[in-house]
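Colleague: Here's my sequence, what's the structure:
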Amino acid sequence: MLHAVSMTEPMASSLPSGEQNADADHLLLQRIAQRDALAFEILVKKYQAMLVATASRMLGNASEGEDFAQLTFLRVWNHASNYRPDAKFSTYLFTILRHLVMNEARRKKRKPHVSSEAYASEHPGWMPADSAPSPASQLDAKETQRAIEMAIANLPESQRMAVILRQFEHLNYEEIANVLETSVPAVKSLLFRARCQLREALSKYLDIAN
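Modeller: Numbering: from 1, shown residues only. Got it, this is the predicted structure:
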């Protein structure tokens, strides 16, 4: 597994100060293309948590999420010279991850899904709050969790990815369109249909905000 690297101040400051500005990712990729391991460590440290979380939600498995994050970073290392700053680097990462995850899902003929616990933890409004839950309420919460998991798992994969990028990673419509390789109107349509499907599936449990 790739682990978040520990950087000392002297190591981090060895990079030119210009890499701390808005073009830092592009400059790091230029150095990675020249096989600069330090630049690669900095990039991994910056984006690892985000990538692992997204992969884990898509696959419903934290261990697999780490594996696919590692595969994504290795793809970046191997193809750094081909990177063009046409979009945010995070969008580029999500695009690589999407292809890897979906190819694996199709290969295994299984549907990736979002862990209900992970989803509920980041969307507390989706789960009933109770500081001292009774046994009955605990059963209700488990039933609700299963309903959420099933509802999200049953979304078509493009809708599922759009929901994850919008709700968890807070990407805007244009960024999601870049990741899904589609148009902004198509993304809005995907999210609308996903919300309708989730609202219908969970209507007896939850009040889902737009």
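Colleague: Can you show me the helices along this protein?
Modeller: With helices called from DSSP state H, the chain shows them at 9-12, 24-33, 37-59, 62-78, 89-108, 116-122, 135-153, 157-167, 173-180, 184-201.
Colleague: In the chain, where is pLDDT below threshold?
Modeller: Counting by pLDDT under 70, the chain contains low-confidence ranges at 1-22, 108-140, 206-210.
Colleague: ok, now with 50
Modeller: Along the chain, segments meeting pLDDT under 50 span 1, 3-22, 116, 119-133, 135-136, 208-210.
Colleague: Tell me how it divides into domains.
Modeller: Listed domain ranges for the chain are 1-112, 126-210 (source: automatic domain parsing).
Colleague: I'd like the ones you listed as TSV, with mean neighbour count appended.
Modeller: In short, each C-beta sits where N, CA and C put it, glycine included. Putting the domains of the chain into TSV (neighbours: other Cβ atoms under 10 Å) gives the following:
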stretch	mean neighbour count
domain 1-112	16
domain 126-210	16
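Colleague: Next, give phi and psi for residue 79.
Modeller: Per-residue torsions, residue 79: phi -120, psi 20 (degrees, to the nearest 10).
Colleague: start at 58 instead
Modeller: Got it, first residue is 58 now, which makes that one residue 136.
Colleague: ok, the residue nearest to the spatial centre of the chain to residue 158 distance?
Modeller: Nearest to the geometric centre of the chain sits residue 111, at 2.3 Å (Cα atoms, centre = their mean). To residue 158, residue 111 is 9 Å away according to Cβ to Cβ, to the nearest Å.
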